[in-house]
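> Dropping a prediction and its sequence here:
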Amino acid sequence: MTATLELPKFTRVDPVAVVLGNRCRQRFSRFIREFWECVPGAGKLVWNWHLDLLADELQAAAERVFAARQLEYDLVFNVPFGTSKSTVISILFPDWVWSRMPSARFLTATHTDKLVRDLSAKSMAVITSEKYKSCFPGIELVKASEDYFRNNRGGDRNCSTVGGVTPTGFHADFLLVDDPLDPQGARSQADLDTAAFFVKEVLPSRKTNKSVSLTVLIMQRLDYRDPTDVLEKVSRQEGAIPVRKVCLPGELTDRVNPSLEWLRERYGEEVYADDDLLDPERLSRAVLNTYKAILSLQGYSAQVLQDPRPPGGGMFKPQWFTQRTKAAPYHAKRVRYWDRAATANGGCATAGVLMARDDAEKRYVEHVERGQWEPNERNDRIVATAQRDKDRYGPKNTPIYVIEAERGSTGLESYQHITRRLMAMGIRCREDQPTGAKDVRAEPWADQLAAMNVWFVDDGTWNIAGYVEEHLLFKPEPGKRVGGFKDQVDASSGADKWLRGKMAASAMRIVPIGRVASFKGPRLVVLGGDDTRLAACELPSLLVRFADPEPYNDNVAQIAVEGEGVMCSARGCDSSLRVDEGAGGLSLGQDGRTATAGPLPHHGLTKLLGEVTLAFADLDPAERQDTWDETVPPLLCKPEHGKKMWGMVNRKRGAFVEAIFFIDRGDGDRRALSAAMAVADVMRLPRGKALCLPGDSDRQIGDKEKAPNPHVYEVLKRGRELVI
C-alpha cells in the first residue's frame, strides 16, 4: 500500500490586503475610505472634512478602551440628517474596532427596532465581505442574525431599542445610541421621558467596566429636553463622567457659530468655507432652503442648526436677560407668585418666582423655585420656601405669596389648605385667577424686559440659565407654542402684574386675630369684599355677610336700555342707581359705586358655626332728607334684618364663638363696620379690644365713636329686642 501524506491547510494571505489592513487599523478615517464600498446602499463616497472630525474623535476615545485606561469622557455628536453620521458611527466604527480589539462587545440602540436591525445587518455585511476577510484574517462570525451576532474572538454586537427591546443582562465595552428620538414622529413628553430614562438610567448599568467603557450618542437635536440635554446635565453633577460634545450645525448663523479657529487649523481652510455650509455636497444651499420651507422654525433650528431654540428667539430676546446684580434692595416690595401643577415627574411644573420692585419701579428676579411634585410634596415645598423667605427678609419685608387658582372645588380646597399653613406662619397670601391666554398675559412682562427694566440676582441659589432658556423658547405660533413648559414665564408675568398694583378682585386675606389681655369675648372682624375673596380662620366663628338687593319689579317704574347696561328708574331712587346685566348677574351701584348682587365670595372658615346673609343697600335716609319719603323701601336696612342677624348670633351652640366676621363689598361700604359696632355695643364689648380691622390695623374704634352708617347701626342694634 502506498501511504498518503496529508499536508496541513493554510489560509492564503494576500500581502497587499494585509498591508492595507494595517493602514486601516492605524487610522479610522482610512478604514472609512476603504470600506465605504462594502456598506450596502451607501453609494459613492463624497468626502467632507466633517468625516475626518468624526473619525478622529471616535478613534481618540476608543484608544483609551483598547489600552484599558481610565475613561476621560463620553462622546455626544450633534450633526444634521443626511451627513452619513449613522454610516460612520453605527456601521463602520464597530467593524474597525474589531480590527484592533476583536473581543470588544457592542450595545447599539435607536428609536425603532427596524432601524437598529438595518444598521446591524449592514455592519455584518461589511464583516462578511471578501475585502474585510482579506485585510483582517482570523475574524469570523460564529453566530449571525440581524439583532445579534458574535465573532470567534469573543466580540459581539447586541441590538436594543429606546423604550422597546431592553438590553437586560447584556454588558458592553462600547454603547452606541443613534437617534434615540424619532425625527418624523410626535415628540411628546412621554417620548422625551423614555429617552431620558434610557440614556440616564439604563445605559450606565450596561457597561462592562464602568471606568473604561465608552458611551457614544449620535443624534440631530429635536428638543431642548432631548437626550443631549440630559447627558449634559448629568455630566455636571458631582462625580459624573464628563461629556465631550461635538456640535456641527448645517450652516453658520449669527447665533449658531462654533469656534472655527481650531477646526481650520486641524482640517484646513475648507471648514465652513463654501457659503458657511457644513457639507456643500450633501446639504447644499438649495437643499437647506427646501427644508426651511418644509420644517417649522423650531424644526429647522433644531434638526439643521443643532439649536432647539427658534432663530431670533420667540416673544423674549436673549439680550433682555443680560443685567445681573448681587442683591435687590432690602426694603423693596416683594411678591412670590406660584404657578401650581399637581403632577409628579410629568406634565407641567410648579414654579414660584420671587420678584421685587424698588422705588424707581425697577424689577428684580431674586429667586425661582421650580419642580415637578405631587400635591403634598408641592405644598411642603411652598411652605419650606416661605420659611426661607421669612427668615431672610424679616417680618416687615417678607414677600406676599400669590397663588394661582385651580379650577373646581378641589382647587379651592387645595388653596385653602396651603393658605392655612402659610397663615400659621404669618405669611400674607392672595389668590389669583388669571384670564386670557398665557401669551397675552406675558406681554406686559415682555415690555418690562424689553425696556431693560429688569435685573437678575445672580447669587448662585437658582438656575438662571434654565429660567432664561424657558423664556427664549416661549414663542406664540398659530395653534401652538414652542417649548413644553411655560410655568416660569407665567409665574413671572403674574408677579409683575401684582407688583404693578393690578390686584385681582379675588384676593385672599389672612386674618390675624390675636388675643387681648383681660378680654374674654369674641373678636369682631370687619372685612371688605374688594380686599378679600376668602376669610381664613381656624377659630370657632360666625359669619355675617352683606349683599346688595336686586330691584323689586313692583318698585320699578321704567326700564330703558342704554348702551351695554340697563337703567333702572325706581320710585324714590336717585338717578345714580344703575343696574347692569353681565356675566356675574345683576350689579347695583349708587354714588359712583358698583357692587355685584350675584353669588357672594367663598370663605376659608374651617370651624364655621353659623352664617347669615343680609341684603339691603348702604343707605341712610338722613342723607336724603329732601326725598326721604320717596326712598324705595326694599333698599333700606329694616328691623327684619336685625332680627335675622341676632337670631343667628344668639343661637345656642356647644362651642364658644371666638370670632364673628362681618364682610361687605368694601370700597367705602359702611355696612360691616356699622353692624360690628352695633353687636359690640349690645354685647357690652369694649370696641377698642373687640373690633379687629385687618385692612386698617392701626385704627382703633372708640366706644363713643359714631357709626359710619347710623341708620344701619340703629336698626341692627334694636333688632336684638325682636329675638327672645
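Right, received. Where do you want to start? Nothing here was measured: the structure is a model prediction, and the numbers come from that model.
> Give me the pLDDT value at the spatially closest residue to residue 323 that is not a sequence neighbour.
Distance criterion CB to CB, 6 or more residues apart in numbering; nearest residue to residue 323, sequence neighbours excluded, is residue 455 at 4.7 Å. For the C-beta atoms, the positions are set from N, CA and C on the backbone; glycine is no exception. Residue 455 carries a pLDDT value of 95.
> Tell me the secondary structure at residue 455.
Secondary structure for residue 455, judged by DSSP: H, G, I helix; E, B strand; the rest coil, is strand.
> so what's it up against?
323, 324, 325, 328, 362, 363, 364, 365 (CB atoms under 8 Å, 6 or more residues apart in numbering).
> mind running it again at 6 Å?
By CB atoms under 6 Å, 6 or more residues apart in numbering, the residues touching residue 455 are 323, 325, 364.
> Report the separation between residue 111 and residue 700.
According to CB to CB, to the nearest Å, residue 111 and residue 700 sit 71 Å apart.
> And the two? Which one has more around it.
It is residue 111, of residue 111 and residue 700, that has more neighbours when counted by other CB atoms under 10 Å, with 25 against 12.
> Quick one, grab the pLDDT at that one.
Looking at residue 111, its pLDDT is 89.
> Then the one 5 residues further on?
If you check residue 116, the pLDDT there is 92.
> Assign it to helix, strand or coil.
Judged by three-state DSSP, the three-state class of residue 116 is helix.
> my guess is it contacts residue 158, does it?
No: if you go by CB atoms under 6 Å, residue 116 and residue 158 don't touch, sitting 9.9 Å apart.
> These two: which is more packed in?
Set residue 116 next to residue 158 and count neighbours by other CB under 10 Å: residue 116 wins out with 27 against 22.
> so how far is residue 379 from the more buried one?
From residue 116 to residue 379 the distance is 44 Å (CB to CB).
> Please apply the same query to residue 520.
Separation of residue 520 from residue 379 (CB to CB) stands at 35 Å.
> Just want to know which of these two has more residues nearby.
Under the neighbour definition other CB under 10 Å, residue 520 and residue 379 were set side by side, and residue 379 has more, 18 against 10.
> just checking, that one is part of a helix?
Yes: note on residue 379: a helix contains this position according to three-state DSSP.
> Next one: it, what pLDDT does it get?
Here, the pLDDT recorded for residue 379 equals 89.
> Within the helices and strands, which one has the residue nearest to it when sequence neighbours are not counted?
Excluding the flanking residues, the one nearest residue 379 by CB to CB, 6+ apart is residue 418, at 4.9 Å. Assigned by DSSP states H and E, residue 418 belongs to helix 408-424.
> Domain map for the protein?
Per the record, the chain has its domains at 15-248, 318-499, 513-554+600-722, by automatic domain parsing.
> List of residues touching stretch 214-221?
Residues from elsewhere that reach stretch 214-221 (CB under 6 Å, 6+ apart): 61, 65, 74-78, 80-81, 85, 89, 174-179, 203, 302-303, 306, 308.
> and stretch 194-203, average pLDDT?
Average pLDDT, stretch 194-203: 87.
> So residue 205, which state does it fall into?
Judged by three-state DSSP, the three-state class of residue 205 is helix.
> start the count at 3, not 1, going forward
All right, first residue 3 from here; so that's residue 207.
> so how many other residues sit close to it?
For residue 207, the neighbour count with other CB under 10 Å is 10.
> That one and residue 661: what is the separation?
According to CB to CB, residue 207 and residue 661 sit 59 Å apart.
> what sits against the closest residue in space to residue 22 that isn't next to it in sequence?
Counting by CB to CB, 6+ apart, residue 137 is the residue found nearest to residue 22 once chain neighbours are left out, at 5.5 Å. Contact analysis of residue 137 by CB under 6 Å, 6+ apart lists 19, 22, 23.
> Give me the distance from the helix or strand that contains the last one to the chain's centre.
Same thing as residue 23. Here residue 23 sits within helix 17-28, counting by DSSP H and E. Taking CA atoms, centre = their mean, to the nearest Å, one finds the center of helix 17-28 at 56 Å from the center of the full chain.
> again, but for stretch 200-216
Distance of stretch 200-216 from the chain centroid (CA atoms, centre = their mean) equals 30 Å.
> Show me what counts as buried in that stretch.
For stretch 200-216, a neighbour-count test (16 or more other CB atoms under 10 Å) marks 200, 201, 204, 205, 206, 208, 209, 210, 214, 215, 216 as buried.
> swap in stretch 373-381?
For stretch 373-381, using 16+ other CB under 10 Å, the buried residues are 374, 375, 377, 380, 381.
> any idea how far that stretch is from the chain center?
Counting by CA atoms, centre = their mean, stretch 373-381 is centred 13 Å from the centre of its parent chain.
> Please export the C-alpha coordinates of it as CSV.
The C-alpha trace of stretch 373-381 is given here as CSV (Å, rounded to 0.1, in the frame of the first residue of the first chain):
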residue,chain,number,x,y,z
GLY,A,373,-40.0,71.3,40.1
GLN,A,374,-42.5,68.5,39.3
TRP,A,375,-44.1,67.4,42.5
GLU,A,376,-47.2,65.7,43.6
PRO,A,377,-49.7,67.9,45.6
ASN,A,378,-48.5,67.1,49.1
GLU,A,379,-44.8,67.5,48.3
ARG,A,380,-45.6,70.6,46.3
ASN,A,381,-47.3,72.2,49.4
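> Low-confidence regions, the stretch 353-502 of the chain specifically.
Counting by pLDDT under 70, the ranges of the stretch 353-502 of the chain that qualify are 408-415, 477-487.
> Could you list the buried residues of stretch 260-277?
By neighbour count on 16+ other CB under 10 Å, the buried set for stretch 260-277 is 265, 269, 273, 274.
> now do stretch 648-659
Within stretch 648-659, the residues scored as buried using 16+ other CB under 10 Å are 648, 649, 650, 651, 659.
> Nearest to residue 489 among the residues you listed?
residue 659 (42.4 Å; CB to CB).
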